[in-house]
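J.: Dropping a prediction and its sequence here:
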Amino acid sequence: MSKIGWHIGCIALALNFGIFWTPIWADPTAADSLYLLGDQALKAGEIDRAKILFEQSLKKNKKHAPTHCGLGHVYLVQEQPDRARKAFRNAEKYQRKMPEAYFGMGLAYAREKGQWVRAIDYFCRALAEKPDYVEAQYHIGLTHLNLMNRDAIRAFERVVEMDPDHPDAYYRLGFMYEYDLLKKDDAIEFYEKQLAINPAHKDAMWRLGQLYRTLSRTDQAARTLSQLMQTQGTNQRQYMLELAEVYLERKDYKKAETLFETYIAGLNARERMPYEDISLLASERETEAFKQAKDRQIILQQFWKRRDPTPITEVNERRVEHFRRVAYAREHFGTAVFPWDRRGEVYVRYGTPSHKSASRDRQRESHPEDWAIKQRLLDRVDWAAEILLSDYAASDGDSLTHRGAGAERAQRQLDRQFQRLYSRSSERNQKSEQIRKRAESAMAVGGLGAFLGRPIFPIQDRRAWEYWIYPGLGEGVEIAFRQMPGAPDGVFDYAVLPAEMATKMRHLWGPLIPEQIISQAPREIYVPAFLAEPLYYAAYPATFRGLGDSTRVEIYYGFPASALTRDGGDVRINRGAVLYNAKGDPVFKTAKRIVLRVDGKTGIIPDIIALDVKPGSYYLAVQAIEERSGRTQVYGMPLRVPSYRHGKLRLSDIEMAASIEQTTGEGHFVKQNLEVIPLATRHYTQRHLVYLYYEIYGLSQDAFGQTDYQVSYRLKPRSGQSFGAKVLSGLGKLVGIDQNEEQIAISYDQTGDASNVVNYLALDLSGSEPGEYVIEVAAIDSRDGQKVTKIASFKIE
């Protein structure tokens, strides 16, 4: 809040608490009545009308002290402190020791720099004349608070003793406990008490919500900030950002998305534009499509769907993060220019940097990853860093790391520090000399210490600067900004090299020019926070004939029991799959929540989902989310979905299974009267059987509807390891087994009366060495000679 706004608020509080006596018996033409009308106008914010009424009152009675006080408050609102003081002095002159006049003088002096002691003196005079004058005591506290003086605490404690239901004093105590005493729990108690007395206190709600968030009390933070969002005012974006951060920390992306969408929907077209603009992120093709689109909302939907990191959920976390970045950029970098300055562009594209420092708020790097980036950049510019370091020394001689103009002072400071640390030692031993040398080496030209908190890139004309570090951008970069010449205060652009810089120097600094770095960088960076700890599972697809002309895509999941977070014996998983077309648009999607029963710590828990799609080329994304921990993982792969239309011999993909048994019942894994338990890992131990399941379509039939075909299997190791196989079960008449050092061939003759059949095989590979194996399945129609083959691979462990 500005000083002007602060003092107007103080005056409003004073007026609301009735600091003047207002006789209700006065005649309408008397000074008292005119004063009363002026007082009402002042409370209503009608300053000009109040002034006229007060002046009319003084014409009736120039010695009317309350009117002089009222006029003094008018002058305070109008930023005329000298005239205000004169009015309050007149009031005190015509009514000696008038507490309201002393109070007004205190308000007048409180708004003048360096006059706070005098202001407190006048507030104390008012209290001396009127010991229960709560507002005088309250403004003593405000004056101390303005100085961040701890006397404010005792002053506000006295306020609540005088008035336990004061509408603001508990908030001020909370503020002091939070920022000065750093006692957050005590501050929370004061904020909560203030809201119990004054539920509409926005500042108390705001600070309380932020403190709840700081202390990871996110449920309470969400409730408090949600209540704050219901209020009207100019800080809605700030409130929304804080509440959104709470939702994101709780991984409640749906609420965050709803919050942003509701907020954006209420904006006018101009303010809504930055949230819908994708030009900073989009490729040239996407940008052109957006410009030419008749319905841009469809293009926007497709744009964000292609970037959805969790395709099976209702929420697009990347889009939510974009809204957050835009709101942050508007709030922090768009005050003086719409929608934001250059910093806003970078923030929208790359998000929160790992480190920020500014000329007005220098922050030294503390993370080793950031140190490594700065050191690499220093090494790159070589000797040019020495010249920059001398510039830093000339501009700030107080730093220990500076040479040049501040070297002597730095040396004296180092000596004092050394003497203080080792004054107890009668003589310096070898270790202390080593410590001294290390300290002196930190002052050396080109040392990293001098550049911590300062940009590596030289800033022209010592303008205000700011720099950000992004480790995830290439090898790690530093982006420097500077105050734009002639622009409003706080508007920054990329830093540029000084025009007079020598050619050799420009050559060294060239690769570090911020605008050049950004022009060569990716359009955007987004690393989902929830991917920090992945959920481990296996998944792979297989295709079969679907309904009509469609193809059935089955996706098999395998969840290692040891990798799951249990809630008792149950694990709740949300899993699904999305198919994207060649343009990157999602065209088929399925998702479902399941509960897995985990009985032990080992083994693979199977699952399957399926969707019918049109044949074609797709990109498949599969995802599983563990609800309790929030862990997730997305796997992606190109997928060609073949056509299994009628009229031609076709062979489905091969499903690798943990077991296959005949059944007459129904179940999640039952198809064609077989219970096929998929093994998504496709990893078998030597003691487990290897099962294959597949389907054959389009077998030719004779006049009596009979089919005659042969199925052959060819098994071989990928890397030449020794192996052996026994056929334990299969369909048809075994024709023969042919084995050599390179492969095993197995053949079956089969007949039937259906053009579409299912088939399976069980192999015992217990005599085989660990490694990867490849099996080829071939179906040959004996009537017309058509042949089809499919290949699958698996591992023996």
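T.: Thanks, I have the structure now. Residues are numbered from 1 along each chain as shown.

J.: any low-confidence regions in the chain?
T.: Filtered on pLDDT under 70, the chain yields the residue ranges 1-29, 391-447, 460-461, 530-532, 566-568, 600-602, 725-733, 735-736.

J.: Contacts only, for residue 80.
T.: For residue 80, the contact set (Cβ atoms under 8 Å, 6 or more residues apart in numbering) is empty. To be clear about C-beta, it is placed using only N, CA and C from the backbone, and glycine gets the same treatment.

J.: Which segments of this protein make up each domain?
T.: Following automatic domain parsing, one finds the domains of the chain at 1-130, 253-333, 355-422+430-519, 533-644, 646-797.

J.: Need the winner for burial among those.
T.: domain 1-130 (a mean of 19; mean count of other Cβ atoms under 10 Å).

J.: can you give me how far it is from the chain middle?
T.: Averaging C-alpha positions (Cα atoms, centre = their mean, to the nearest Å) puts domain 1-130 49 Å from its chain's average.

J.: now do stretch 548-564
T.: 31 Å.

J.: just stretch 369-389 next, same as before
T.: 30 Å.

J.: what do you get for stretch 765-777?
T.: With Cα atoms, centre = their mean, you get 47 Å for stretch 765-777.

J.: hang on, the earlier thing: which of the domains of the chain sits closest to residue 236?
T.: domain 253-333 (7.1 Å; Cβ to Cβ).

J.: Could you tell me the end-to-end distance of that closest one?
T.: 25 Å (Cα to Cα, to the nearest Å).

J.: And stretch 342-357, by the same measure?
T.: The first-to-last residue distance of stretch 342-357 comes to 16 Å (Cα to Cα).

J.: before we move on, back to that, out of the domains of the chain, which is closest to residue 199?
T.: Per Cβ to Cβ, nearest to residue 199 of the domains of the chain: domain 1-130, 16.8 Å.

J.: Let's have the domains of the chain in TSV, adding distance to residue 245.
T.: Below are the domains of the chain laid out as TSV (distance: least, Cβ to Cβ, whole Å):
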stretch	distance to residue 245
domain 1-130	23
domain 253-333	8
domain 355-422+430-519	17
domain 533-644	17
domain 646-797	37
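
J.: So the nearest residue to residue 38 once chain neighbours are set aside, which state does it fall into?
T.: Spatially, and ignoring its direct neighbours in sequence, residue 38 is nearest to residue 53 (3.4 Å; Cβ to Cβ, 6 or more residues apart in numbering). Three-state call for residue 53 (DSSP: H, G, I helix; E, B strand; the rest coil): helix.

J.: Now do the contacts for residue 53.
T.: 34, 35, 37, 38, 41.

J.: other SSEs contacting the helix or strand that the second one is a member of?
T.: When elements are assigned from DSSP states H and E, residue 35 belongs to helix 31-43. In terms of contact count using 3 or more Cβ pairs under 8 Å, 6 or more residues apart in numbering; DSSP states H and E, helix 31-43 is assigned the packing partners helix 3-16, helix 47-60, helix 65-77.

J.: So which of the domains of the chain is nearest residue 157?
T.: domain 1-130 (14.8 Å).

J.: hang on, residue 201 packs against residue 192?
T.: No: with contact defined as Cβ atoms under 8 Å, residue 201 does not reach residue 192; the gap is 10.9 Å.

J.: more crowded one of these two?
T.: residue 201 (19 against 15; other Cβ atoms under 10 Å).

J.: how far away is that one from residue 347?
T.: 32 Å (Cβ to Cβ, to the nearest Å).

J.: what do you get for residue 685?
T.: Taken as Cβ to Cβ, the span from residue 685 to residue 347 is 52 Å.

J.: With residue 628 instead?
T.: 33 Å.

J.: same deal with residue 78?
T.: 40 Å.

J.: Next: residue 473.
T.: Residue 473 is 13 Å from residue 347, by Cβ to Cβ.

J.: same check, this time on residue 124
T.: 49 Å.

J.: same thing with residue 655?
T.: 48 Å.

J.: again, but for residue 255
T.: 23 Å.

J.: Likewise for residue 257?
T.: For residue 257 relative to residue 347 (Cβ to Cβ), the value is 20 Å.

J.: same thing with residue 284?
T.: 22 Å.

J.: How about residue 516?
T.: Counting by Cβ to Cβ - residue 516 and residue 347 are separated by 19 Å.

J.: Just give the nearest non-adjacent residue to residue 70, would you?
T.: That would be residue 54: by Cβ to Cβ, 6+ apart, it lies 4.9 Å from residue 70.
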